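S.K.: need coordinates for the below:
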Amino acid sequence: MAIFSPTDLSPFLALARHKSFRRAADELGCTPSALSHSLKALEERLDVRLFNRTTRSVALTEAGERLLSRVAPAFRDIEDALDDLNNFRGTPVGRLRINVSRPSARMVLLPLVARFLEAHPRVGIEIVINNELVDMVSEGFDAGVRFGEIIAQDMIAVPIGPRQRTAIVATPDFFEKHPKPVTPEQLKSLPCIGFRFGTGRLYAWEFERGGVELSVEVDGALVLDDQDMMVDAALAGAGIAFTFEDQVKDLVADGRLTRVLEDWCPYYSGFYLYYPSRRQMPAALRAFVDFVRADRSG
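M.R.: Next comes the predicted model:
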C-alpha cells in the first residue's frame with residue numbers, strides 16, 4: 001500500500017471541517033481548484049471516494065466519515081504535542097478558533113478579546129458567528145461561547161462576562177397605540193417580534209418572578225433570526241421585542257425605547273466560555289481561559 005505523510009491528509013481534514021472548497025482552500029492558502037486536485041489525487045491513491053460533491057454541497061461518504069473518526073484524534077494529538085512546546089517559551093503562541101452566538105460576541109467576547117490580544121501579541125483569535133451549536137472537534141474549533149444551559153455536559157464551562165438580564169421593549173409611540181402589558185400572558189394579544197432559531201423552531205419568551213416561571217408563545221407579523229435586527233425592528237415601530245438589557249440600555253436611557261415587564265426579567269448567570277476536555281490544553285487556550293477567569297474575579 002502507498003505510504004502517506006500527515007500533510008497528505010491536510011486537504012481532506014480541511015474540507016471535512018468546512019464542507020466548502022473555498023473556505024478550506026482559504027485555510028490551506030491555496031486555490032479551490034488546487035484543493036480539488038489534491039483531494040482527487042488522495043482518493044485515487046486510496047482507491048475510495050471520501051466526499052460526495054455537487055455544485056451546491058460537499059458531504060463525507062461513509063468511508064470519509066470513518067477515516068475522519070480515526071485520523072482526527074491522531075492529528076489533535078500531534079497538535080497537542082507541538083503546542084506543548086509552548087511550555088518552553090516565555091509567552092503563549094498559537095491561534096484560537098472560537099464559535100459564538102452574535103449577542104455573546106458583541107456583549108462580552110469582543111471587548112475581552114481586544115484586551116487579551118494586547119496582553120498576548122503572539123496569539124491570534126478567529127471568531128466565527130453561528131447562532132446554532134456545532135460539533136466543536138469536527139468543525140475545528142478550540143472553544144465556544146453560549147448560555148450555560150445549552151452547553152453539552154461533556155464540555156468544560158467557565159463563566160465569561162457579567163450576569164445578564166432580558167429586556168422587553170418597544171417605542172413610546174407604539175405604547176401610545178397599544179396598552180402596556182403588566183403580565184407576560186398579555187403579550188399574546190399584542191404585536192410582538194418573533195425570533196426563529198436556525199433549526200426552524202420559534203422561541204417562546206421566558207419569564208420568571210418569585211419562583212414562578214412562564215413561557216409565552218407570542219404572535220406578530222414579523223419574525224427574525226437575528227437579535228440585533230429585532231432591536232432595529234422595535235425602533236422602527238414593528239412591535240415588542242425580547243432583547244438583552246445590555247443591547248438596549250442606552251436606547252432606553254435616551255427615551256427611544258420603553259421597557260415593560262421589568263419585574264418578570266430577573267438576572268441570570270449569563271454566558272459561558274466552553275471547550276472540550278483534552279489531555280493537553282493548548283497553551284493559547286489555557287492563557288485565554290486564565291484571562292477570562294481573572295477578568296470575572298476582578
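S.K.: point out where this protein drops to low pLDDT.
M.R.: For the chain, applying pLDDT under 70 flags the ranges 1-6, 79-90, 138, 148-150, 278-280, 298.
S.K.: excluding chain neighbours, what is closest to the residue positioned nearest the centre of it?
M.R.: Nearest residue to the geometric centre of the chain (C-alpha atoms, centre = their mean): Val100, 2.1 Å. For Val100, ignoring the flanking residues on the chain, the nearest one in space by C-beta to C-beta, 6 or more residues apart in numbering is Val145 at 4.2 Å. For glycine as for every other residue, the C-beta is placed from the backbone atoms N, C-alpha and C.
S.K.: buried set for the longest helix along the chain?
M.R.: In the chain, taking DSSP state H as the definition, the longest helix is helix 62-83. Buried residues in helix 62-83, defined by neighbour count with 16 or more other C-beta atoms under 10 Å: Gly64, Leu67, Leu68, Val71, Ala72, Arg76, Asp83.
S.K.: how far away from the center of its chain is that helix?
M.R.: Chain-centre distance of helix 62-83: 23 Å, with C-alpha atoms, centre = their mean, to the nearest Å.
S.K.: past it, which element shows up next along the chain?
M.R.: Of the helices and strands lying after helix 62-83 in sequence (DSSP states H and E), the nearest is strand 94-100.
S.K.: what does the helix or strand following that next one contact?
M.R.: Moving toward the C-terminus from strand 94-100, the next helix or strand (DSSP H and E) is helix 102-104. Helix 102-104 is touched from outside by Ile129, Asn131, Val145, Arg146, Ile160, Gly161, Asp226, Gln227, Asp228, Phe244, Gln247, Phe271, with contacts defined as C-beta atoms under 8 Å, 6 or more residues apart in numbering.
S.K.: repeat that with 10 Å
M.R.: Helix 102-104 is contacted by residues 98, 109-110, 129-131, 144-147, 160-161, 164, 226-229, 243-244, 246-247, 270-273 when judged by C-beta atoms under 10 Å, 6 or more residues apart in numbering.
S.K.: same question for stretch 220-228.
M.R.: Contacts to stretch 220-228, defined as C-beta under 10 Å, 6+ apart, come from residues 101-103, 106, 131, 187, 190-198, 200, 202-203, 229-234, 236, 238-244, 247.
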